[in-house]
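In: Turn this into a model:
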Amino acid sequence: MNSKRLLALATQKFIADVAQDAFHYAKIRQHACQKKRRKTVLTVEDLSGALSEHGINIKKPDYFV
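Out: Numbers count the residues shown, from 1 in each chain. Below you'll find the model as predicted:
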């Protein structure tokens, strides 16, 4: 397997893992709110929580200089 295909496969696996974790966070949030929607909506907070499990911080600082 050449290096480009290996990198593409690793990237695809990482994105799939993050998306699955974000979906899990959205389901937990939706269940906690007791709203019975048919569609699950992913938010930036869900994505932020999923990425923080993988060591990536996307939160904005409290202030901008």
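In: Run through who's touching stretch 24-41.
Out: With Cβ atoms under 8 Å, 6 or more residues apart in numbering as the test, stretch 24-41 has contacts from F23, L42, T43, E45, D46, G49, A50. In short, each C-beta sits where N, CA and C put it, glycine included.
In: hmm, which two among those are most spread apart?
Out: F23 and E45 (13.1 Å; Cβ to Cβ).
In: Return the set of buried residues in the helix or strand where E45 lies.
Out: Using DSSP states H and E, E45 falls within helix 44-53. Neighbour counts over helix 44-53 (16 or more other Cβ atoms under 10 Å) mark D46, L47, S48, G49, A50, L51 as buried.
In: so what secondary structure elements neighbour it?
Out: Helices and strands touching helix 44-53, as assessed by 3 or more Cβ pairs under 8 Å, 6 or more residues apart in numbering; DSSP states H and E, comprise helix 3-33.
In: Now do the helix it packs on against helix 44-53: the angle between them, please.
Out: Put simply, helix 3-33 runs at 130 degrees to helix 44-53, going by axes from the mean of the first three to the mean of the last three Cα atoms, to 10 degrees.
In: What residues sit buried inside helix 3-33?
Out: V18, D21, A22, Y25, A26, R29, Q30.
In: Now do the same for it: mean pLDDT, whole number.
Out: Across helix 3-33, pLDDT averages out at 92.
In: now swap in stretch 50-65 and tell me
Out: Stretch 50-65 shows an average pLDDT of 83 in the prediction.
In: Other residues contacting it?
Out: F14, D17, V18, A19, D21, A22, H24, Y25, V44, L47, S48.
In: ok, now how distant is R38 from H24?
Out: To H24, R38 is 18 Å away according to Cβ to Cβ, to the nearest Å.
In: Next: D62.
Out: If you go by Cβ to Cβ, the gap between D62 and H24 works out to 27 Å.
In: How about A32?
Out: Taken as Cβ to Cβ, the span from A32 to H24 is 13 Å.
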